[in-house]
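task: produce atomic coordinates for the following.
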Amino acid sequence: MAKKVKVQSVTDSNITSPVVFTDANGVAVIQSGKTRYTVEVKGEKSEGAEVSLLKDGRVKVKFSADVGKKNHTVTVTDGKGNAVEDFVVSEDILEVRNLKKYFPLTRSLFGKVLSSLKAVDDVSFTLEEGTTIGVVGESGCGKTTLGRTILKLYDSDGGKIYFDGDDITDLKRSEMIKYRTDIQLIFQDPYSSLPPRMTVGNIIAEAVRVHNIVPKSEIKNYVHKIMKQCGLQRHYYDRYPHEFSGGQRQRICIARALAVKPKLVICDEPVSALDVSIQAQIINLLKKLQKTEGLTYVFISHDLSVVKYITDKIMVMYLGNVMETGETDEIFDNPLHPYTKALFSAVPVPDPDVKMDRIILGGDIPSPANPPEGCKFHTRCNQCMNVCKFKQPQYIEHVKGHFVACHLYDEEVMSHLDRYEKEYRELLAAKEQEEKNEKEK
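Take a look at the predicted model:
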């Protein structure tokens, strides 16, 4: 018998009032008008499945990243007991929980860390397979460090990373080998990320050969196939990187990542070093490959117009923290955090008659080695309250799927502002007294 599965109400369906519940045996049942489906999930962790109904009327079973869909079987039957073949099984291929990465700055004589730079500080998000999440924010906010920590190029200092149903947080270098083909990275700079003494064919074939992706006798034909997928001519095989333009080099980088058949690709600003026309070609190539190969992307970028075009979700970072996360259209149509609003106000509109309401942030970005107390953004926020100066905001779900870390949307804080004002004045008085005592000494 299947274990009890999680259920979630369906709010995005065009079917009249779909209802999801579990029967006495713990099997999920979906009822929508006269349509009724029974969903049974079998496996060691079947309680990690969520059942819902899509807009087209198909049943969807989704597994969380720490469970994974492998080693699970799903059976769907209609109200008459007939087997239903057309249903969707998906998973959150990546889940990051409270991830931290600190770089030591100073140590004591005995090696104890005295101060550190908090590059990634308590970051959490999930990513469904076949989708793209965009990570945006100013330079130095921790975007690239986040990507490299997920890849295990950096060891984390806290939190969990789940990939395809497995906890990879504390795996050693040797234990990560089997995941190296599943998670790949496209570097920001196509000029320095390619070895100058290797031909294009050898660059792409190297990982294929090391990980035994195909038999040795088939490597050359396989590389030619990958090159064609990425828009590279067959005769480029024996050429060297210096013979290509920036856009062509980035295609080589994409081909190198794609050659090992990855499930997740972390794109670290893959188009920032290219001109606009070439950017469009690379972005369209990434979207095409996602559709044909079922790839999942973590897309790191400064260019919000590119992010809007390619992503399904957006995560806004500032000084190592997540400020806001949500569906791309929801974030662009209804940005909540003052920092997100300021970022989006800087996006140029190609219409001379449209007046730009640009939000100018005051001051400089604080040092991540010595971040402000409370909300890290309060020193530059035009809506700053005294509570922001000492209390760190909670990461709350303002509307379904739209999360924000800001006191303005925290009902508990906003309903008790007088209490927090008093607490702030007490903290300020205590600090002044402490400084006065220090001077007297």
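
can you pull the buried residues of stretch 429-441?
Of all the residues in stretch 429-441, not one is buried under the rule 16 or more other C-beta atoms under 10 Å. Placement of C-beta: from N, CA and C, glycine included.

how about stretch 102-113?
For stretch 102-113, by 16+ other C-beta under 10 Å, it's residue 102.

tell me the contacts of residue 254?
186, 230, 270, 282, 285-286, 289 (C-beta atoms under 8 Å, 6 or more residues apart in numbering).

which strand or helix spans it?
helix 246-258 (DSSP states H and E).

kindly export that helix (C-alpha atoms) in CSV.
Output of helix 246-258 as CSV, limited to C-alpha atoms (Å, rounded to 0.1, in the frame of the first residue of the first chain):
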residue,chain,number,x,y,z
GLY,A,246,33.5,35.8,-28.5
GLY,A,247,30.1,34.4,-29.4
GLN,A,248,31.7,31.4,-31.1
ARG,A,249,33.8,30.8,-28.0
GLN,A,250,30.8,30.9,-25.8
ARG,A,251,29.2,28.3,-28.0
ILE,A,252,32.2,26.1,-27.5
CYS,A,253,31.8,26.5,-23.7
ILE,A,254,28.1,25.5,-24.0
ALA,A,255,29.1,22.5,-26.2
ARG,A,256,31.7,21.4,-23.6
ALA,A,257,29.1,21.6,-20.8
LEU,A,258,26.4,19.8,-22.9
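
can you name the element that comes right after that helix?
Helix 246-258 is succeeded, C-terminally, by strand 264-268 (DSSP H and E).

okay, angle between that next one and helix 246-258 too, please.
Per axes from the mean of the first three to the mean of the last three C-alpha atoms, to 10 degrees, the angle that strand 264-268 makes with helix 246-258 is 150 degrees.

quick check: mean pLDDT across strand 264-268?
Across strand 264-268, the average pLDDT comes to 95.

so which elements touch that strand?
helix 143-150, strand 183-186, strand 296-300 (3 or more C-beta pairs under 8 Å, 6 or more residues apart in numbering; DSSP states H and E).

what's the most buried one of these?
strand 296-300 (a mean of 25; mean count of other C-beta atoms under 10 Å).

what lines up beside it in the sheet?
Using DSSP bridges, strand 296-300 pairs in its sheet with strand 132-136 (parallel), strand 264-268 (parallel).

any chance of the ones you listed in JSON lines, plus distance to residue 171?
Below are the strands paired with strand 296-300 laid out as JSON lines (distance: least, C-beta to C-beta, whole Å):
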{"stretch": "strand 132-136", "distance to residue 171": "23"}
{"stretch": "strand 264-268", "distance to residue 171": "15"}
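
ok, so of the contacts of residue 254, who is nearest residue 423?
When the contacts of residue 254 are ranked by distance to residue 423 (C-beta to C-beta), residue 270 comes first, at 46.2 Å.

for that closest one, give its distance to residue 300.
8 Å (C-beta to C-beta, to the nearest Å).

low-confidence ranges, the chain, go.
Judged by pLDDT under 70, the chain has its weakly predicted residues at 1-26, 32-33, 44-48, 351, 355-356, 441.

which stretches of the protein form helices?
Remark: helices assigned in the chain by DSSP state H are 143-150, 177-180, 200-210, 219-229, 246-258, 276-293, 304-310, 328-333, 338-345, 411-414, 417-440.

export those helices to JSON lines and tack on distance to residue 99?
Below are these laid out as JSON lines (distance: least, C-beta to C-beta, whole Å):
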{"stretch": "helix 143-150", "distance to residue 99": "6"}
{"stretch": "helix 177-180", "distance to residue 99": "17"}
{"stretch": "helix 200-210", "distance to residue 99": "26"}
{"stretch": "helix 219-229", "distance to residue 99": "32"}
{"stretch": "helix 246-258", "distance to residue 99": "22"}
{"stretch": "helix 276-293", "distance to residue 99": "24"}
{"stretch": "helix 304-310", "distance to residue 99": "21"}
{"stretch": "helix 328-333", "distance to residue 99": "21"}
{"stretch": "helix 338-345", "distance to residue 99": "20"}
{"stretch": "helix 411-414", "distance to residue 99": "25"}
{"stretch": "helix 417-440", "distance to residue 99": "29"}
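
what's the closest non-adjacent residue to the residue most central in space within the chain?
Centroid check for the chain by C-alpha atoms, centre = their mean gives residue 133 as the closest residue, at 4.6 Å. Closest residue to residue 133 apart from its sequence neighbours, by C-beta to C-beta, 6 or more residues apart in numbering: residue 313 at 4.4 Å.

cool, residue 330 as well?
Residue 330's closest residue in space is residue 402 (C-beta to C-beta, 6+ apart), at 5.4 Å.

residues in contact with the one you found?
324-327, 330-331, 334, 336.

quick revisit: quickly list what the residue nearest to residue 133 is bridged to.
According to DSSP bridges, beta-bridge pairing links residue 313 with residue 133, residue 327.

neighbours of it, how many?
Neighbour count of residue 313, defined by other C-beta atoms under 10 Å: 21.

next: residue 40.
Residue 40: 19 surrounding residues under other C-beta under 10 Å.

ok, it to residue 80 distance?
16 Å.

for residue 218, grab the count of nearby residues.
12.

quick check: residue 396 touching residue 403?
Yes. Contact status for residue 396 versus residue 403: in contact at 6.7 Å, counting by C-beta atoms under 8 Å.

these two: which is more packed in?
Shown here are residue 396 and residue 403; by other C-beta under 10 Å, residue 403 has more neighbours (20 against 15).

then stretch 428-441 to PDB, C-alphas only?
The C-alpha trace of stretch 428-441 is given here as PDB (Å, rounded to 0.1, in the frame of the first residue of the first chain):
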ATOM      1  CA  LEU A 428      20.300  53.300  21.300                       C
ATOM      2  CA  ALA A 429      20.500  54.600  24.900                       C
ATOM      3  CA  ALA A 430      22.400  51.500  26.000                       C
ATOM      4  CA  LYS A 431      24.900  52.000  23.100                       C
ATOM      5  CA  GLU A 432      25.400  55.600  24.000                       C
ATOM      6  CA  GLN A 433      26.000  54.700  27.600                       C
ATOM      7  CA  GLU A 434      28.500  52.100  26.600                       C
ATOM      8  CA  GLU A 435      30.400  54.500  24.500                       C
ATOM      9  CA  LYS A 436      30.400  57.100  27.300                       C
ATOM     10  CA  ASN A 437      31.800  54.500  29.700                       C
ATOM     11  CA  GLU A 438      34.500  53.600  27.300                       C
ATOM     12  CA  LYS A 439      35.600  57.300  27.000                       C
ATOM     13  CA  GLU A 440      35.700  57.600  30.800                       C
ATOM     14  CA  LYS A 441      38.100  54.700  31.000                       C
END
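
gap between it and the chain center?
Offset of stretch 428-441 from its chain centre (C-alpha atoms, centre = their mean, to the nearest Å): 44 Å.
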